[in-house]
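>>> Here's my sequence, what's the structure:
(chains A and B)
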Number of protein chains: 2
Amino acid sequence: MKRIISLLILLATVTGVFAQRPPRLSSPDVNPDHSIVFRYYAPKAKEVILHGEFLKEPMAMLKGDDGVWEISVPPVTPDIYPYFFKEDGVSVADPNNTHIFANERFKRSIVDVPGDEPLIHSLQNVPHGKIHYNYYESKTLGRTRELLVYTPPGYDATSTKKYPVLYLIHGGSDTQETWTKVGNANFIADNLIAQGKAEPMIIVMPYGNVRPSPMEDFTKDVVNDIIPFIENNYAAYSDANHRAVAGFSVGGGQTLNIGLTNTDKFAYICSYAPFTATPEFKKNFENWSPDAQKINEQLKLFTVSVGTDDFLYESVKGNLKMFEEKGIEVKPYIVSGGHTWMNCKQYLATTLQEIFK
Amino acid sequence: MKRIISLLILLATVTGVFAQRPPRLSSPDVNPDHSIVFRYYAPKAKEVILHGEFLKEPMAMLKGDDGVWEISVPPVTPDIYPYFFKEDGVSVADPNNTHIFANERFKRSIVDVPGDEPLIHSLQNVPHGKIHYNYYESKTLGRTRELLVYTPPGYDATSTKKYPVLYLIHGGSDTQETWTKVGNANFIADNLIAQGKAEPMIIVMPYGNVRPSPMEDFTKDVVNDIIPFIENNYAAYSDANHRAVAGFSVGGGQTLNIGLTNTDKFAYICSYAPFTATPEFKKNFENWSPDAQKINEQLKLFTVSVGTDDFLYESVKGNLKMFEEKGIEVKPYIVSGGHTWMNCKQYLATTLQEIFK
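Just a heads-up that it's a prediction; the model follows:
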């Protein structure tokens, strides 16, 4: 009897503590027809609005008697999308969803709407590479920094086989995790390697938000610290023909700076929707007098990607014109879509099929 | 001139788009005296409250003319703490802080208050192990699951050297990332290995929230899927004397189930503040008639940790009493503190110094 009473007291205590928490909800629920149900517990809210990159306009959610707000979004194009709720004007990530957009300035959630056939960024039943979280000493920046490294399926650090290396940079307020957490770079690589469309490669994802000098100091960090760290610790080739650099937005601008000022070190430069309206870019490229012939010989691929709805579309066209005027061979890759990670994944999937070949 | 006008138009466009974002703020700012300044932009809010596990009571923040709410918290004991803001009653993570508590039911931020001397969980200038994100096929659960693996500094998958393995389980609404993102398990291991206080070991961090049967199905997943995956893919010993299992809260309950029903497979069982008020635990242990002598011979260490302020303190004392009544040798590790990840790190640091010796 004493034991039963203890158990009852315990259960009451435990239930009490856990009852302070909001209820566990299933959100988001993605249906086979690509519609999505979102749920959010806010018994005191006056309004809850769903914002998502799959929507043209935000949508109001409806409150149930249980304090749970709900909305069913009609079928969307399969992709991975950022979204968030606005509860009475306050932006919040979905408390019941662990997939968070890795970013320094906002907290958004991620919903993955699978295709009827697996998409190139989906987790598929193919051999999987690994993501390694490394820590390297940056002499340039005077601190230990985190660095993500993707190694392809079957990677063996000690074999005599070596791998080419793609250095892949995130956008301006993203982090070293955004390419994997939002961009699924590892699954894109797994799938393209499994299909024989991409060479097995190492992908290095550093943290690029070096302030105040994201062009100059980060370029030094990549060239003087990150590349030696990778080549000392991984089975990596160490010549330009086996090195590529790519990046999105601010990272696309960094890609141009890193690549074009180091064409002896990178034979592949892939810039995605570059943001270049910075004093540093201007300083490096406004009065730039490149030896175009030499650069064209050194580079095996120089692409600049952008979507026609990207707010940087006109700017990127200006960049392309500038490179063409200076005689640099550049391959534009212009698609529909905006300045989004949906587009980013497309750019990367294209790049992975073009480099190291 | 044309170029200058284009540039001005571009700058205006870019500034316009970026201006829609809230300002970049520095938050949290941790000062050398261990005080902390938090900042949050909410020009329309009526009140913003700071909630943090370093506080006894939530504290109201003050609004500046620029719409930025601020508070300076007096010096706190150095540690890693969860916190969040409540803007007019809505809980939000700190938008300017990328350190998020990996959890399924809430979104909280993390502040790391360093000690005057480096703490055992701090990033120090010692050789670093690596965290690997793996994907394994769980036949038990019929799906591909993510699994984090820490390998110690100097780990070499192909050498003849083998390593012991700790299977480390998170709490009930946490994820496979909580032990690294909140618990700094990798840095604790790096530091203790560097100091010669812990054996170099592999630490496996699975995702434990298997529903509806977190005891039975997850135990099967660990024993039948995860252990073979690790021993096929890592330089791991494959005998009980080189295997440990540990976990916190619901994961502490899972640890008891996994360990005590498989004493032929794990010689070390370390349960942290176990949550055991579940029908599954009751089913397994209420009428349990163990061969205590055999179990005591098989186990090299069986510890149960708890803090005196933990809401499970009485419950854990009941667990300890039950094990003692059944003749199982168990080492209580009772400290101050509550059901927190601050305590969790302490439990892990203690465990790492006791296992595989």
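>>> Report the beta-bridge partner residues of the residue nearest to A:Asp225 when sequence neighbours are not counted.
Across the structure, with CB to CB, 6 or more residues apart in numbering or on different chains as the measure, the residue nearest A:Asp225 apart from its sequence neighbours is A:Ser138 (4.6 Å). Where C-beta positions appear, they are placed from N, C-alpha and C, glycine not excepted. The bridge-partner assignment for A:Ser138, based on DSSP bridges, gives A:Arg143.
>>> How much space separates A:Ser138 from chain B?
The gap separating A:Ser138 from chain B is 13 Å, by CB to the nearest CB, to the nearest Å.
>>> Pretty sure that residue sits against A:Thr144.
Yes: A:Ser138 is within contact range of A:Thr144, at 7.4 Å (criterion: CB atoms under 8 Å).
>>> So those two - more neighbours on which side?
A:Ser138 (22 against 14; other CB atoms under 10 Å in any protein chain shown).
>>> Let me know the pLDDT of the more buried one.
For A:Ser138, the pLDDT comes out at 96.
>>> next one: the one 10 residues further on
As predicted, A:Leu148 sits at a pLDDT of 98.
>>> can you pull out the helices in chain A?
Along chain A, counting by DSSP state H, helices occupy A:2-19, A:178-181, A:185-194, A:216-220, A:227-233, A:250-260, A:279-285, A:292-298, A:313-325, A:341-352.
>>> just those: most buried one?
helix A:250-260 (a mean of 27; mean count of other CB atoms under 10 Å in any protein chain shown).
>>> For that one, what is the distance to the chain centroid?
Centre-to-centre, helix A:250-260 and its host chain are 16 Å apart (CA atoms, centre = their mean, to the nearest Å).
>>> Tell me the helices and strands packed up against that helix.
Under the contact definition 3 or more CB pairs under 8 Å, 6 or more residues apart in numbering or on different chains; DSSP states H and E, helix A:250-260 sits against strand A:165-169, helix A:216-220, strand A:243-248, strand A:268-272, helix A:279-285.
>>> Neighbouring strands of the first one in the sheet, and parallel or not?
Read that as strand A:165-169. Under the criterion DSSP bridges, strand A:165-169 sits next to strand A:202-205 (parallel), strand A:243-248 (parallel) in its sheet.
>>> In TSV: these, plus mean neighbour count and mean pLDDT.
Shown next, in TSV, are those (neighbours: other CB atoms under 10 Å in any protein chain shown; pLDDT from 0 to 100):
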stretch	mean neighbour count	mean pLDDT
strand A:202-205	26	98
strand A:243-248	29	98
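>>> picking that back up, ok, which of the helices and strands packed on helix A:250-260 comes nearest A:Thr180?
strand A:165-169 (9.7 Å; CB to CB).
>>> any residues touching that closest one, and which ones?
Here strand A:165-169 makes contact (CB atoms under 8 Å, 6 or more residues apart in numbering or on different chains) with A:179, A:185, A:201-206, A:208, A:222, A:226-227, A:230, A:234, A:236-237, A:242-248, A:251-252, A:254-255, A:258, A:266, A:268, A:348, A:351-352, A:355.
>>> burial count for the closest residue to A:Ile71 other than its chain neighbours?
Of all residues not flanking A:Ile71 in the chain, A:Met61 sits nearest, at 4.3 Å (CB to CB, 6+ apart). The local packing of A:Met61 (other CB under 10 Å) involves 23 other residues.
>>> among the strands paired with strand A:165-169, which is nearest A:Ser35?
strand A:243-248 (29.2 Å).
>>> angle of that closest one against helix A:341-352?
Comparing the axes of strand A:243-248 and helix A:341-352 via axes from the mean of the first three to the mean of the last three CA atoms, to 10 degrees yields an angle of 170 degrees.
>>> now what about strand A:243-248, what contacts it?
A:164-171, A:174, A:208, A:222, A:227, A:237, A:253-255, A:258-259, A:265-274, A:301, A:341, A:344, A:347-348, A:351, A:355-356.
>>> what about it, distance to the chain center?
13 Å.
>>> Next: stretch A:55-62.
Worked out by CA atoms, centre = their mean, stretch A:55-62 lies 25 Å from the chain centre.
>>> mind listing what's buried in it?
Using 16 or more other CB atoms under 10 Å in any protein chain shown as the test for burial, stretch A:55-62 gives A:Met59, A:Met61.
>>> Check what contacts that stretch and list those residues.
Residues from elsewhere that reach stretch A:55-62, judged by CB under 8 Å, 6+ apart: A:38, A:40, A:47-51, A:69-71, A:73, A:85-86.
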